[in-house]
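*Asks:* Build the 3D model from these lines:
(chains A and B)
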Amino acid sequence: MTATPTARRATDTETVRSLNGSETIMSVEDLKVYYGNFLAVTDTSMNVPEKRITSLIGPSGCGKSTVLKTFNRMNDLVAVARVEGRVNYYDKNIYDPDVDPVAVRARIGMVFQRPNPFPKSIYDNVAWGAKINGYKGNMDELVERSLIQAALWDEVKDKLKESGLSLSGGQQQRLCIARTIATQPDVILMDEPCSALDPISTLRIEDLMRELVEDYPIIIVTHNMQQAARVSDITAFMTLTEGRSGTLAEMGPTDEIFTSPRDPRTEDYITGKVG
Amino acid sequence: MAKSIAQDSLAARLRSNELYAARPLTGSSMESRFSERVVRGLLFICAALSILTTVGIVLILFVETIGFFERVSLWEFLTVTEWTPLFNNAKYGVLPLVAGTMWVAVIAIAVAIPIGLSAAIYLSMYAPRGVRNVIKPALEILAGIPTVVLGYFALTFISPEFVQRVFSDTRLFSALAAGITVGILIIPLISSLSEDALQAVPSGLRDGAYALGATKLEVSTRVMVPAAFSGIAASIILALSRAIGETMIVVLVAGGTPNWSADPRESMQAMTAYIVQISSGDVPRGGVEYQTLFAVGLTLFLITLALNVASYFIVKRFREVYE
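*Replies:* Numbering: from 1, shown residues only, chains lettered A, B, ... in the order given. The predicted structure is shown next:
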């Protein structure tokens, strides 16, 4: 419980090799996302493995967040957004007409760019998602376990009744992670989860991600290349086409992407020539 | 090349400050200082005027009310349940008038909260943009109907065709009919202000709730409404004070006889309606009947003041500070 997490990364060749054998939990096939008439994302296909952190990187406006939001159908909330292609959760296309987007979101959790705890107590923040998902077990236990997993328990155990908004930004973000964990998702999506945080809080979240990936595959969007290099096992680099649409340029083990990218656009971006 | 020379010379002139007429470092013109003082003074007078008016009104209310209580005891005013200042054997218990006002206000708020809040939730969370663009202005038009028109409509339609049919033994002039009509009047107030409060909730909260697998109803009622609670409560209190102060509808619909009763189907007189009745009659200035106007007026003022103060504290207590 008091173990200090140390960031580990799948750098050694053995791990990299095993990535290829890793089971795919989510995949995208020929994804196209439109906002009104604007084609925001095109020609994108990728496999997201179990038990790995997959990062989506690329210049601003390349559709990283848009792709991430197709994984739990958050794009549905944008009235003008339209999705073509398949987004598979195991073998099921979550955009099939018989799929309930509410059920999709209950299983695929999401952590946002800005910490967004509810104006409720710390306890209720964690319990709320579980409650609406019909959790029948012991709520106190679940709240404690989730807060421990989110590395926040020690800081808040004596003030569970206080408002979640009373916490610092980094603590709020870990609270949001705790409430996501409490719903027992199969995948956790993170949309630039550290962009509103200071460097120390950022490192804590990164350590936490390495811990969480033991239980939950994580897909993270980040504009911070060092972060992608530090935490992720797999990196997907997205870029812009001539028509200003986002598209996947290349994807592979993080080490390969950062040391020997195959696509010149990746190399230009990584080495800082563009973006 | 020519262009670049032109730009160079512009840059030089910009640097020299010669193109800016009003930027001398010293000796700034007294003229502009003076006009600034005049504007400031005018603005201050306008702001002060509204405060002075309020102070004046309150002062007059108090002075005349003190005159009233030199003739009638405060105890009688607050405890006797008969209000008959125009009778030979006059009784000055304000409770029947307060009861009339409260019945109307409570019924109005009971009608307006569920409908107004539901409309606000619908508009902010459910309505497609096209529908919203129609309903929002429509509600605002409802708010713009003169209350005398609404009162007349109540007398010719709401009371006989609706209230009297649904609630048996209701009089044509009744606190119930007046309350329902005032309720219709204040629905736009609640829906519009509550919708603003819901719109002001950071969208991150809404997204966070959806991302946990919440349905739209759960997001609306269990995250958005609690998060907007301070604004919603303020809208309700504002609507309540509007209902208490509403005059024309209660004059036309509630009835003209003070009535200490627990049955809103009877006709009752509200405080505002009494003030209208006496003001439009020929009561001699300086008499005790004349002074009752101010005693009732002050009572009304204190009730709405208390509500506004309560609203201030509720808003302060429940306002969430996001970051």
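
*Asks:* burial count for the residue nearest to residue A:240 when sequence neighbours are not counted?
*Replies:* Once flanking residues are discounted, residue A:240 sits nearest to residue A:62: 5.4 Å by Cβ to Cβ, 6 or more residues apart in numbering or on different chains. C-beta: built from backbone N, CA, C; applies to glycine. Counted with other Cβ atoms under 10 Å in any protein chain shown, the neighbours of residue A:62 add up to 27.

*Asks:* looking at this, residue A:62 is in a strand?
*Replies:* No: using DSSP: H, G, I helix; E, B strand; the rest coil, the secondary structure at residue A:62 is coil, not a strand.

*Asks:* Residue A:84 - that's part of a helix, no?
*Replies:* No: using three-state DSSP, the secondary structure at residue A:84 is strand, not a helix.

*Asks:* Show me what it is bridged to.
*Replies:* residue A:32 (DSSP bridges).

*Asks:* Kindly report the same for residue A:44.
*Replies:* Counting by DSSP bridges, residue A:44 is bridged to residue A:31.

*Asks:* can you tell me which residues contact the residue nearest to residue A:240?
*Replies:* By Cβ atoms under 8 Å, 6 or more residues apart in numbering or on different chains, the contact list for residue A:62 reads A:238-240, A:246-247.

*Asks:* what do you get for residue B:239?
*Replies:* B:108-109, B:112, B:116, B:186, B:189-190.

*Asks:* Chain A versus that one, what's the distance?
*Replies:* Residue B:239 is 23 Å from chain A, where distance means Cβ to the nearest Cβ, to the nearest Å.

*Asks:* how far away is the residue lying closest to that residue once chain neighbours are set aside from residue B:193?
*Replies:* Distances taken as Cβ to Cβ, 6+ apart put residue B:186 closest to residue B:239, at 4.1 Å, once the chain neighbours are dropped. Residue B:186 sits 10 Å away from residue B:193, taking Cβ to Cβ, to the nearest Å as the criterion.

*Asks:* what about these two, which has more around it?
*Replies:* residue B:186 (27 against 19).

*Asks:* which secondary structure element contains that one?
*Replies:* helix B:175-199 (DSSP states H and E).

*Asks:* Run a quick neighbour tally on residue B:105.
*Replies:* With other Cβ under 10 Å as criterion, residue B:105 counts 28.

*Asks:* Flag every residue of the stretch 151-275 of chain A that's near chain B.
*Replies:* A:163, A:165, A:169, A:176, A:179-180, A:183 (Cβ under 8 Å from any Cβ of the partner chain).

*Asks:* quick one: pLDDT of the closest residue to residue B:121 other than its chain neighbours?
*Replies:* Leaving out its chain neighbours, the residue that sits closest to residue B:121 by Cβ to Cβ, 6+ apart is residue B:220, at 5.1 Å. With respect to pLDDT, residue B:220 has a value of 95.

*Asks:* didn't residue B:220 look like it was pressed against residue B:122?
*Replies:* No: with contacts counted by Cβ atoms under 8 Å, residue B:220 stays clear of residue B:122, the gap being 9.1 Å.

*Asks:* got any ranges where chain B has weak pLDDT?
*Replies:* B:1-6, B:22-32, B:323 (pLDDT under 70).

*Asks:* how near is the closest residue to chain A within the stretch 201-323 of chain B to residue B:65?
*Replies:* Ranked by Cβ to the nearest Cβ, the top residue of the stretch 201-323 of chain B for proximity to chain A is residue B:213, at 2.6 Å. Distance, residue B:213 to residue B:65, using Cβ to Cβ: 60 Å.

*Asks:* got a list of what the residue nearest to residue A:178 when sequence neighbours are not counted touches?
*Replies:* In space, and not counting its chain neighbours, residue A:178 is closest to residue A:150: 3.6 Å by Cβ to Cβ, 6+ apart. Neighbouring residues of residue A:150 by Cβ under 8 Å, 6+ apart: A:174-175, A:177-178, A:181, A:208.

*Asks:* Find the pair from the residues you listed with maximum spatial separation.
*Replies:* With Cβ to Cβ as the measure, no two of those lie farther apart than A:175 and A:208, at 11.9 Å.

*Asks:* More neighbours: these two, which one.
*Replies:* residue A:175 (26 against 21).

*Asks:* Would you mind listing the buried residues in the helix or strand encompassing the more buried one?
*Replies:* Secondary structure from DSSP H and E places residue A:175 in helix A:169-182. For helix A:169-182, a neighbour-count test (16 or more other Cβ atoms under 10 Å in any protein chain shown) marks A:170-182 as buried.
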